[in-house]
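A.B. asks: Sequence and predicted structure, then a few things I'm wondering about:
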Amino acid sequence: MFRKYILPVLAAGGFLFAVWMVMQGARPVPPSKPIAEPSRPPYENKISGSGIVEASTRNIGVGTHESGIVAKVFVSVSQRVKAGDPLFSLDDRKERATLALRETYLAEATAKLERLLQLPRREELPVARAKVREAEATLEDLRMQLRNAEAVSVQRAISLDELKRRRFAVQAAEARLAQAESSLNLLNSGAWKPDIALARTEIARAEADVRAAKVEIERLTVRAPLDGNILQVNIRPGEYAQGGILPQPLILMGDLERLHVRVDIDENDAWRFDPQSPAIAFVRGNPQLKAELSFEYVEPYVVPKRSLTGDSTERVDTRVMQVVYSFNPAELRVFPGQLMDVYIQDHTNRSSEAGFQEAVAKTR
């Protein structure tokens, strides 16, 4: 009975289920509604491109001259700074110790020069004069003894050796007197000019060393290169700040008083671009938000495409010409790094060679 009735029923049910599944799978899938309506180009003939918002000064990744531990961060995100304002500083204890040591060398060199300029010392002059008087008195005494010896009429009363010895004693006393007088004159003349020049050179070198140490300390405080806004702060006190080119800058800043839009135009459409043509940018997610763009300049070097939109139909193996437009941020609320849809009117009925050359000349 199972084979006669139940198996045929099960087979028929499986066949019907398979037919139903095939019919369900053959139905066309209705397209899903977009989260936001895409922007519609306002021009019949257009050049379209994706644009990325950036500061008018471009986005500046601030680095550091030296690597080290961050001691203090002076700014926060969205803060407005002026050129020269401190952004962050590194640990400078070692450099300050070096500065103190070099200032000590400077003080020592200055003291040496002061000592040379104050020569002769008043306390040394009386001693030198006393030595001269002592040498004069000794010389006069020896000369008197020599005269007495030479005045003896009896040759046997004094030997020839004694007479020569007294003459040599007088000569030695004259030399000592000359030495004492020379020492007195040397004290009276003060310091030797080459010694003073050498001392001043040592002071100049010590001052240069002090200035160099101060520069090293100053370099450990990174300052704003221009007026602008802080876009990112990727460093905190106690972290290690690496010098050189980094994939993520320590601090990102730029001037947001006026925003720029960097538009990537496909190299196949570059020949159709005219800088005098009007352009308009739409905010992604809300096509009602748009802004008229003002042409700034063209970067005439065609580069590989880097700013990707994420569209599945986007060509990523192409090269693009970058055109920069500007707009007033008060007219449109967007942020640096945000993507926008940009449309440029295409005048295919006239040559754009003259306009393109004018745009290239504007970049020089």
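C.D. replies: Arrived safely, thanks for sending.
A.B. asks: All the strands of the stretch 151-300 of the chain, in order from the start?
C.D. replies: 221-223, 228-233, 240-241, 251-254, 259-266, 279-283, 286-292, 294-304 (DSSP state E, counting those that start in this stretch).
A.B. asks: so what strands line up beside the second one?
C.D. replies: Same thing as strand 228-233. Applying DSSP bridges, strand 228-233 is found paired with strand 80-81 (antiparallel), strand 251-254 (antiparallel).
A.B. asks: what do you get for the longest one?
C.D. replies: On the basis of DSSP bridges, the sheet neighbours of strand 294-304 come out as strand 319-327 (antiparallel).
A.B. asks: Pull out the buried positions in the partner strand.
C.D. replies: Neighbour-count burial for strand 319-327, counted by 16 or more other Cβ atoms under 10 Å, picks out V320, M321, Q322, V323, V324, Y325, S326, F327. In this view, the C-beta of every residue, glycine as well, is placed from N, C-alpha and C.
A.B. asks: Please pull up the helix or strand immediately following that strand.
C.D. replies: For strand 319-327, the succeeding helix or strand toward the C-terminus, using DSSP states H and E, is strand 339-345.
A.B. asks: From the contact counts, what lies against that next one?
C.D. replies: Secondary-structure packing of strand 339-345 (3 or more Cβ pairs under 8 Å, 6 or more residues apart in numbering; DSSP states H and E): strand 46-55, strand 259-266, strand 279-283.
A.B. asks: Now do the first one and strand 319-327, the angle between them.
C.D. replies: In this structure, strand 46-55 runs at an angle of 60 degrees to strand 319-327, with axes from the mean of the first three to the mean of the last three Cα atoms, to 10 degrees as the basis.
A.B. asks: Check which helices and strands strand 46-55 sits against.
C.D. replies: Using 3+ Cβ pairs under 8 Å, 6+ apart, the elements in contact with strand 46-55 are strand 228-233, strand 251-254, strand 259-266, strand 319-327, strand 339-345.
A.B. asks: quick one: the helices in the protein?
C.D. replies: 7-25, 93-117, 124-150, 160-189, 193-219, 353-362 (DSSP state H).
A.B. asks: follow-up on the earlier one: can you tell which of the strands paired with strand 228-233 is closest to P287?
C.D. replies: Among the strands paired with strand 228-233, strand 251-254 comes nearest to P287, with 26.8 Å by Cβ to Cβ.
A.B. asks: which other residues reach that closest one?
C.D. replies: Residues from elsewhere that reach strand 251-254 (Cβ atoms under 8 Å, 6 or more residues apart in numbering): 54-62, 75, 81, 87-88, 222, 224, 228-235, 336.
A.B. asks: what do you get if the cut-off is 6 Å, keeping everything else the same?
C.D. replies: A55, T57, N59, I60, G61, V62, L87, G228, I230, L231, Q232, V233 (Cβ atoms under 6 Å, 6 or more residues apart in numbering).
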